[in-house]
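**Student:** Dropping a prediction and its sequence here:
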Amino acid sequence: MRELDRREFLKTSALATAGGLFYAYGGVSEAEAQSDGHMGHMSPRTAKPEAVIIDPPPGGAYIEPPEMPLTRNGNELSCLIDTRMNDIDIAGTKVNLMTYNGHFPGQTIRAKRGDILKVHFKNNLPKSLGKNMLGHDRSETNLHTHGWHVSPSGKADNILLAFHTGEEHHYEYDLSHQAGGAMSYYHPHIHGTVADQVWNGLSGGALIVEDETPELSQYETHILMIKDITLHNNQPAPYKFGDYHRGKKGHTIMVNGLVHPVMSAKPGQVIRLRVLNACQARFIHLSLDGHQLQLIGTDSGLLDKPYSVNRLLMSSGERVDLLVKVSDKPGAFKMYALPYGNMPQMVTLMTLDVKGTKVNDQLPAKITSWRAEEAIKLRNMDIRKLKKVEMYFSFIEGEGAMNFKVFDHEPYIHTSKVDTYELWVIKAEGAMDHPFHQHVNPGLVLSITGGDPDYARLYSTIPGLKDTINVPPGGTVTMLMPIRHYTGTTVFHCHILEHEDIGMVGIWKIE
Ligand SMILES: [Cu+2]
């Protein structure tokens, strides 16, 4: 697509969506709904949005994401990752997806603080994938380590690198300063192709840096990668007019690639669930019927103790580390994504099947975490003299903008000095949520105005750092940013990946 065509497309697209934004109830159009057997109820287009129930029957047993084969030599860990097309079974349908090493979800990589992870990366996506609606090469890709506190330069988390079909690269990540006890993830990060590639299967794999505390080792632990998709003619539905504004949300919602899996647990057991919202635009308002969720870790590592909540909002890219004290009584308990804001959907994600011999596991009273200690120090810091940076998410003629500048034409550039602290005030103009994601350095949320009050209260009080935080419509997030260890050029952006692709990105230069 020529540049002029593309701008025209975006302009028209914005006009089309401005009047009827969310008429399709969170991205599920009537046509899509009719093609889906799981859809419980759909309101007529003209009516006020009512809650849509997506409640597929229980599928098979829960399965962990596959593990990445790794070779260790001292503190050096090596693995191979290639991107390729592969047929993946989604609820009985063979779907040709873009994958990492042929897997969906991607394989889990496990490392320790102090390791050097070497990834021999090769792009085997076929050139024949052509171009996407924005005019970008669909087969061009790279690797981003979302959440890792590693260098943004050279061979590390350098998202300015791009690889065409057949090209290879040796990534190398020094994990000397990456906190243990954190779950991050890898996914592609080429401007203009991210949403399309994630939608088509490259939604990533988990990056686990091992705990540095013994207090959690006795708990059975599972990873839950939540990802949505819509199938059209047995393939991921193509992008449509308006998806780049609205954010593409599928109505088949999977946990580790499975629709409504069933996880078994014993009555009275404590299990650990490490949950990632790997959807590109869908919010997950997580709850487990009949259970409290004990939050023990955020995006960037462990907290100092469990924090009990009823439900937890997760925007695209956010992770939560949870303990669940399983019911003493046997039964089947559903895990839901509850309705949130502009997306009035009630989705069954998984069932926890409680059965067998009763045990009496205990929650830990406290958790040893240097990450939490650091966060407590940051909470007590005198912030009055810090450099204050104001940022705005907005749309300009249908293109995504940061501080009223569109990345594609004239990006907003913010420059910081390494080993300093800054106060970032991030606002979302208009009627949409925009999850803010900054690379390399996690920050401490000081306050959130607007949106879900429980989310605001939680993240502005607990001793945990965030690399992805939702900025509610018309609201503001204030974050204390420690800028540590690494210089180089990277980005911050909206993690509704379609918004990122249409320019809602700023450049961050750290000198
Ligand atoms: Cu956005």
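**Tutor:** Sure, I can see it.
**Student:** Can you pull out the low-pLDDT segments for the stretch 401-511 of the chain?
**Tutor:** For the stretch 401-511 of the chain, no stretch is flagged by pLDDT under 70.
**Student:** residues from it in reach of the ion?
**Tutor:** With CB under 5 Å from the ion as the criterion, the stretch 401-511 of the chain meets the ion at residues 434, 494, 496, 499. Yep, even glycine has a C-beta here, placed from its N, CA and C like the rest.
**Student:** Identify the residues contacting the third one.
**Tutor:** Put plainly, it is residue 496. 247, 280-281, 316, 432-435, 504 (CB atoms under 8 Å, 6 or more residues apart in numbering).
**Student:** cool, and residue 169?
**Tutor:** With CB under 8 Å, 6+ apart, residue 169 has these contacts: 121-122, 142, 155, 161, 163.
**Student:** Domains in this structure, by residue range?
**Tutor:** 71-212, 371-510 (automatic domain parsing).
**Student:** Dump those domains to a markdown table, plus distance to residue 333.
**Tutor:** Shown next, in a markdown table, are those (distance: least, CB to CB, whole Å):
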| stretch | distance to residue 333 |
| --- | --- |
| domain 71-212 | 22 |
| domain 371-510 | 21 |
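**Student:** residue ranges for the strands of the stretch 101-250 of the chain, please.
**Tutor:** 109-111, 116-123, 144-146, 168-174, 182-187, 205-209, 220-229, 231-232, 235-236 (DSSP state E, counting those that start in this stretch).
**Student:** So which elements touch the third one?
**Tutor:** Right, the one you point to is strand 144-146. strand 182-187 (3 or more CB pairs under 8 Å, 6 or more residues apart in numbering; DSSP states H and E).
**Student:** Who does residue 78 form a beta bridge with?
**Tutor:** For residue 78, the beta-bridge partners are residue 71, residue 118 (DSSP bridges).
**Student:** what's the answer for residue 436, then?
**Tutor:** With DSSP bridges as the rule, residue 436 is bridged to residue 469, residue 494.
**Student:** now swap in residue 84 and tell me
**Tutor:** residue 99.
**Student:** Residue 426 too?
**Tutor:** residue 391, residue 477.
**Student:** how far away is it from the ion?
**Tutor:** Counting by CB to the ion, to the nearest Å, the gap from residue 426 to the ion is 11 Å.
**Student:** List, one by one, the residues from this protein near the ion.
**Tutor:** 434, 494, 496, 499.
**Student:** For the first one, which residues are in contact?
**Tutor:** The reference is to residue 434. Counted by CB under 8 Å, 6+ apart, residue 434 has contacts 393, 428, 470-471, 494, 496, 499, 504.
**Student:** Farthest pair within those residues?
**Tutor:** Farthest-apart pair in the contacts of residue 434 is 470 and 504; separation 14.0 Å (CB to CB).
**Student:** more crowded one of these two?
**Tutor:** residue 470 (29 against 26; other CB atoms under 10 Å).
**Student:** Name the nearest residue to the more buried one, sequence neighbours excluded.
**Tutor:** Distance criterion CB to CB, 6 or more residues apart in numbering; nearest residue to residue 470, sequence neighbours excluded, is residue 315 at 4.0 Å.
**Student:** Could you point out the helix or strand that follows the lowest-mean-pLDDT helix or strand in the chain?
**Tutor:** Taking mean pLDDT, DSSP states H and E as the measure, the chain has helix 30-34 as its least confident helix or strand, at a mean of 35. Next along the chain after helix 30-34, taking DSSP states H and E as the criterion, comes strand 52-54.
**Student:** end-to-end on stretch 147-166?
**Tutor:** With CA to CA, to the nearest Å as the measure, stretch 147-166 spans 27 Å from end to end.
**Student:** same check, this time on stretch 348-363
**Tutor:** Stretch 348-363: ends 26 Å apart by CA to CA.
**Student:** Ok, stretch 208-226 next?
**Tutor:** Span of stretch 208-226 from end to end, CA to CA: 16 Å.
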